[in-house]
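Enquirer: Predicted structure and sequence below. I'll ask about it afterward.
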Amino acid sequence: MRTIIATVTARAVLPRSFAKQYPVAARAEGARIWDIDGREYTDLSGSAAVNFIGFGVDAIADAMAAQARQLPFVHSSQFTSEIAERFAAEVLEFAGAAFEGGAVFFTCGGSEAVETALKLARQYQVETGHPDRFEIISRRQAYHGATLGALAVSGNTARRAIYLPMVREFEHIDMPYCYRCAFNCENCGHQYAQELRAAIEHSAGRAAAFIGEPMSGATLGAVAPPSDYWPEIAAICREHDLLLIADEVMTGFGRTGRNFAMEHWNLQPDIIVAGKGIGSGYAPLGAVIASPRVVSALRQGSGTLIHGFTYNAHPVSMAAGSAVLERIRTGDLVKASDSHAGSIGKPFAKALHTMAKHEAVGDVRGLGLLWGVEFVQDRATKKSFPAEMKFSSRVAAAAMKRGVLTYPMQGSIDGKNGDHLLLAPPAVERERLLEALDQLSDAIAEAADHAAR
């Protein structure tokens, strides 16, 4: 293992926060990251639900290096490449029978992929004779990315508020949130789904597509809907000829114990948006997986995709993605993330539920290796901590002090109030992850004790 020596005398990188001092990462292996001072961190959040296969897999680096030596770059307006065509075929097979005969558009990440999907939905409607359809219906308390188009269909208040004058907004509907269900969980899947029907009617023929995360990501923290919700949503989309876009940026490529989270509800969307786990952090990578229905509309219509990025289908990223997918398959990591005997997912979920012993923990929820821990000031009333306390950030800071990385979020209730942690570790180093959960438990206790003073 080679030693990395680095000296950082001035921060030239524009940071996420000027109020925070960031350690300088030096190397990573498995589920762990070391900084330049040699301090070790266990990554319970997969960075941001990115690292799924674990760091330090030589086969990924070797595949990238080989591709860089052979063909580092071509522009998609001039060439395709063997590695892009092969990886696209692999992704279509991984997506299942419904996408046989479809096609993949590769991007540099999830936000670009969402942006592509929105434009693809609009072009589909134009190509099929519906030029008046352009509105994209989405959900409150969802997050779909940082580009302006992705922000327009997102519902994360903190991340979008200052940019609202720059975006065109369409209808947002509520999303299922069983811990704080607006319908007291009485036929709530149906009632939430009916909000989509009302939004479509309100659009007066202008709705082109509906986008949603199969289960919530950062904003709500791993909330899964009732079993009847997605089937009814899909039926409503078919009834009104809207495309159904499944945002699997955070949930795809094995994270929830299925190839894609949509499989938990037997959902067959028209478009899948992927990112994060598709490259597992080894290269900037995202994808839009289009069904045969969508591809056929373009092929038989104008024959042209009116969209593109300089680095879409970058050969080195393609090599990384193909090698990551091979690792997911050969390591049986999708099964490992689920609740099968001998998996990582099963003991991780069991240990995580012990967090309920803390009075500050109101809810523990999730699937596979995507989990949310919601904090409350009062369990009986589900009253949240004051927003200005930033309780989830306090827990994250206490955990990081112990060498454990988490993903703190605020605003799960209404965009401002409500605290939770998102946990999305890689599917490796089982014992180390379980030890880190013990340290996280201590961090919760510390933050709660401090809040009570």
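Expert: Alright, I've got the coordinates.
Enquirer: if I look at Ser441, how far off is His130?
Expert: As defined by CB to CB, to the nearest Å, Ser441 lies at a distance of 53 Å from His130. For glycine as for every other residue, the C-beta is placed from the backbone atoms N, C-alpha and C.
Enquirer: oh sorry, the question was meant for Gly46
Expert: Taking CB to CB, one finds Gly46 at 39 Å from His130.
Enquirer: Equivalent analysis for Lys416, please.
Expert: 38 Å.
Enquirer: Glu435 too?
Expert: In this view, Glu435 and His130 are 55 Å apart by CB to CB.
Enquirer: What's the mean pLDDT across the host helix or strand of Arg160?
Expert: In this structure, Arg160 sits in helix 157-160 according to DSSP states H and E. Mean pLDDT, helix 157-160: 86.
Enquirer: which residues sit against that helix?
Expert: 143, 146, 151, 154, 167, 410-411, 414-416 (CB atoms under 8 Å, 6 or more residues apart in numbering).
Enquirer: try 7 Å
Expert: 143, 151, 154, 411, 415-416 (CB atoms under 7 Å, 6 or more residues apart in numbering).
Enquirer: Ok, stretch 364-374 next?
Expert: Contacts of stretch 364-374 (CB under 7 Å, 6+ apart): 49, 179, 215, 221-224, 250-251, 255-257, 264, 337-338, 345, 348, 352-353, 355-356, 361-363, 412, 420-425, 427.
Enquirer: Identify the farthest-apart pair in the contacts of helix 157-160.
Expert: Leu151 and Lys416 (17.4 Å; CB to CB).
Enquirer: More neighbours: which of these two?
Expert: Leu151 (23 against 14; other CB atoms under 10 Å).
Enquirer: State the helix or strand in which that one lies.
Expert: helix 148-152.
Enquirer: Just give me how far that helix sits from the chain centre.
Expert: Offset of helix 148-152 from its chain centre (CA atoms, centre = their mean, to the nearest Å): 16 Å.
Enquirer: Restrict it to CA atoms and write it as CSV.
Expert: Extracted C-alpha coordinates of helix 148-152, given in CSV (Å, rounded to 0.1, in the frame of the first residue of the first chain):
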residue,chain,number,x,y,z
LEU,A,148,-32.2,24.1,-13.4
GLY,A,149,-34.5,21.6,-15.1
ALA,A,150,-34.0,19.1,-12.4
LEU,A,151,-34.5,21.7,-9.7
ALA,A,152,-37.8,22.7,-11.4
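Enquirer: Just list what it packs against, helices and strands only.
Expert: Judged by 3 or more CB pairs under 7 Å, 6 or more residues apart in numbering; DSSP states H and E, helix 148-152 is in contact with helix 110-127.
Enquirer: Dump the very next helix or strand once past the helix it packs on to PDB, keeping only the CA atoms.
Expert: As assigned by DSSP H and E, the chain's next helix or strand after helix 110-127 is strand 135-139. The C-alpha trace of strand 135-139 is given here as PDB (Å, rounded to 0.1, in the frame of the first residue of the first chain):
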ATOM      1  CA  GLU A 135     -45.400  19.900 -18.400                       C
ATOM      2  CA  ILE A 136     -43.600  17.500 -16.100                       C
ATOM      3  CA  ILE A 137     -45.600  16.500 -12.900                       C
ATOM      4  CA  SER A 138     -43.400  15.700  -9.900                       C
ATOM      5  CA  ARG A 139     -43.700  15.400  -6.100                       C
END
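Enquirer: From the rest of the structure, what touches strand 135-139?
Expert: So strand 135-139 is in contact with 118, 121, 153, 155, 170-175, 196, 199-200, 203, 206-212, going by CB under 7 Å, 6+ apart.
Enquirer: Run me through the strand neighbours of that strand, direction for each.
Expert: strand 172-173 (parallel), strand 207-212 (parallel) (DSSP bridges).
Enquirer: the strands in the stretch 351-453 of the chain, which residues?
Expert: Shown for the stretch 351-453 of the chain, the strands assigned by DSSP state E, counting those that start in this stretch span residues 361-367, 370-375, 404-405, 407-410, 419-423.
Enquirer: winner for burial among the ones you listed?
Expert: Ranked by mean neighbour count, the strands of the stretch 351-453 of the chain are led by strand 419-423 with a mean of 29 (mean count of other CB atoms under 10 Å).
Enquirer: Can you read off the pLDDT for His340?
Expert: With respect to pLDDT, His340 has a value of 81.
Enquirer: what's the nearest residue to it if we skip its chain neighbours?
Expert: Lys346 (6.8 Å; CB to CB, 6 or more residues apart in numbering).
Enquirer: Give me the neighbour count for the nearest residue to Asp241 once chain neighbours are set aside.
Expert: Using CB to CB, 6+ apart and skipping residues adjacent in sequence, the residue nearest Asp241 is His130, 7.6 Å away. Using other CB under 10 Å, the number of residues around His130 comes to 16.
Enquirer: what's the answer for Val13, then?
Expert: 7.
Enquirer: tell me the SS of it?
Expert: coil (DSSP: H, G, I helix; E, B strand; the rest coil).
Enquirer: OK, contacts around it?
Expert: Counting by CB under 7 Å, 6+ apart, Val13 touches no other residue.
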